[in-house]
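Asks: Let's see this in three dimensions:
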Amino acid sequence: MPHPVPSESPPPAEPTPRPEPPPRRENALRGIGLVLIGGIFLSSADAVSKVLAASVPALQITWLRYAAFSLIMLAVALPGGVAVLKPRRPALQLLRGIAVTVSSILFVSALKYLPIADATATSFISPLFVTALSIPLLGEKIGWRRWTATMIGLIGVLIVVRPGGAGFQPAALLPALSAAAWAFALIFTRMMSATENPVTTLAWSAVTGFLLLSLLQPFSWQPLTAEAIWLGIFIGVASTIGHWFVILAFRHADASLLAPFAYMQLLWASLFGFFLFAVLPDRFTWLGAVFITGSGLYTAHRERIRARNAVARR
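Replies: Predicted coordinates:
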């Protein structure tokens, strides 16, 4: 899934010191490399999730993932002291954590029924939902160009999903709902970007998700084999590493530069789908992916222009 780029502005003064994000160092090639590697880790986590989804409920798979995610983030955050775990905007942190968790549950649920490439392609429409949500939640004005890009992206989703076609199944809507939940998470991230440390945000999302999923386990619990537990741990570790690489990439290059390479995750997903499940995307999935990718890239381009104009007006 696409990732937010925090806006840079000085945090408000506060008695309790909190560590600030590391300084940005421009290195385009390193940023591109980190995004590509991150996409491989994220796609591998999705592939193993699909393997596990054949016999384990999505809630349990996501719970195992978040258990590993929480342990990793707490290990990273705790050496920095309690200040790292103390957010300035706890309500938004909770909302973000819930949104990310819901997005994960929906996406893993989709993998039980859909090819990885189809689910991944559809999930990349989250920037389009961000465009729509930016109006009521952030008070932004969206021009006709970005609305046109949004409509093109939606056409791409319809091509992939093919509602009304012979091969349509309701599960095809799950990645789109996952993308919508992820869009809320991106909006909440943008609201906190000037005041929260990324480690704080990731730690809160991990723990919030783990606690929420723990409450839901009685509704789907079944005995787990040792193999399922290890696969679940792998999913958590691989997805956490993948997200971390993407976050590091944004420290070295702009989102407009990295966006085309982030969409390489569609290729990784197709390769995993072929080698593990002997399934290749059909022509409709590829065509829809072209529409979705083009829409996302143009939206990133317009975001870059908007940010540049905002800086020029200061």
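Asks: State the number of residues packed around Phe250.
Replies: Neighbours of Phe250 under the rule other CB atoms under 10 Å: 19. The way it works is simple: take the backbone N, C-alpha and C, and place the C-beta from them, glycine included.
Asks: Does it touch Leu257 like I think?
Replies: No - applying CB atoms under 8 Å as the test, Phe250 and Leu257 come out as separate, 10.1 Å apart.
Asks: Overlap of the contact sets of these two?
Replies: Gly31 (CB atoms under 8 Å, 6 or more residues apart in numbering).
Asks: Wait, Leu42 touches Val237, no?
Replies: No - between Leu42 and Val237 there is no contact under CB under 8 Å: 11.9 Å.
Asks: More neighbours: which of the two?
Replies: The neighbour comparison of Leu42 against Val237 (other CB under 10 Å) goes to Leu42, with 24 against 17.
Asks: Without its sequence neighbours, what residue ends up closest to that one?
Replies: Gly242 (3.7 Å; CB to CB, 6 or more residues apart in numbering).
Asks: Spell out which helix or strand contains that neighbour, please.
Replies: helix 226-249 (DSSP states H and E).
Asks: Could you give me the buried positions within that helix?
Replies: By 16 or more other CB atoms under 10 Å, the buried positions in helix 226-249 come out as 228, 231-232, 234-249.
Asks: between the helix or strand bottoming out on mean pLDDT in the chain and helix 226-249, how big is the angle?
Replies: Lowest by mean pLDDT, DSSP states H and E among the helices and strands of the chain is helix 255-262, with a mean of 76. Orientation check (axes from the mean of the first three to the mean of the last three CA atoms, to 10 degrees): helix 255-262 against helix 226-249 gives 150 degrees.
Asks: what helices or strands is the helix or strand hosting Ser103 leaning on?
Replies: Using DSSP H and E, Ser103 sits within helix 90-111. Helix 90-111 sits against helix 28-53, helix 58-77, helix 116-123, helix 174-192, helix 198-216, with contacts defined as 3 or more CB pairs under 8 Å, 6 or more residues apart in numbering; DSSP states H and E.
Asks: Please name whichever of these is nearest to Val290.
Replies: helix 116-123 (9.6 Å; CB to CB).
Asks: Report the buried residues of the helix or strand just after the closest one.
Replies: The helix or strand immediately downstream of helix 116-123 is helix 126-138, counting by DSSP H and E. By neighbour count on 16+ other CB under 10 Å, the buried set for helix 126-138 is Ser126, Pro127, Leu128, Phe129, Val130, Thr131, Leu133, Ser134.
Asks: still on that earlier bit, return the most buried member of the helices and strands packed on helix 90-111.
Replies: helix 116-123 (a mean of 28; mean count of other CB atoms under 10 Å).
Asks: Now that one: average pLDDT?
Replies: Mean pLDDT, helix 116-123: 92.
Asks: please begin residue numbering at 50 from this point
Replies: Sure, I'll start counting at 50 from here, so that last one is helix 165-172.
Asks: That one versus helix 139-160: what angle between them?
Replies: 140 degrees.
Asks: Centre of the chain to helix 165-172, how far?
Replies: Remark: helix 165-172 is offset 13 Å from the chain centroid, using CA atoms, centre = their mean, to the nearest Å.
Asks: got the angle for that helix vs helix 77-102?
Replies: Computed by the same axes, to 10 degrees, the angle between helix 165-172 and helix 77-102 is 120 degrees.
Asks: neighbouring contacts of helix 165-172?
Replies: Residues contacting helix 165-172 (CB under 8 Å, 6+ apart): 50, 92, 95-96, 99, 156, 159-160, 205-206, 209-210, 221, 223-225, 227-228, 231, 314-315, 318-319, 321-322, 326, 328-330, 334, 337-338, 341.
Asks: From Gly192, how far out is the closest residue to Ser175 other than its chain neighbours?
Replies: If the residues on either side of it in the chain are set aside, Ser175 comes closest to Ala228, at 4.1 Å by CB to CB, 6+ apart. For Ala228, the distance to Gly192 equals 22 Å [CB to CB, to the nearest Å].
Asks: Point out where the stretch 150-299 of the chain drops to low pLDDT.
Replies: By pLDDT under 70, the weakly predicted segments of the stretch 150-299 of the chain are 213-217.
Asks: Longest helix in the protein, please.
Replies: helix 332-362 (DSSP state H).
Asks: Now do it: which elements does it pack against?
Replies: Short answer (3+ CB pairs under 8 Å, 6+ apart): helix 332-362 packs on helix 165-172, helix 175-187, helix 193-210, helix 304-311.
Asks: got TSV for those, with distance to Ile81 too?
Replies: Converted to TSV, the helices and strands packed on helix 332-362 look like this (distance: least, CB to CB, whole Å):
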stretch	distance to Ile81
helix 165-172	19
helix 175-187	19
helix 193-210	23
helix 304-311	5
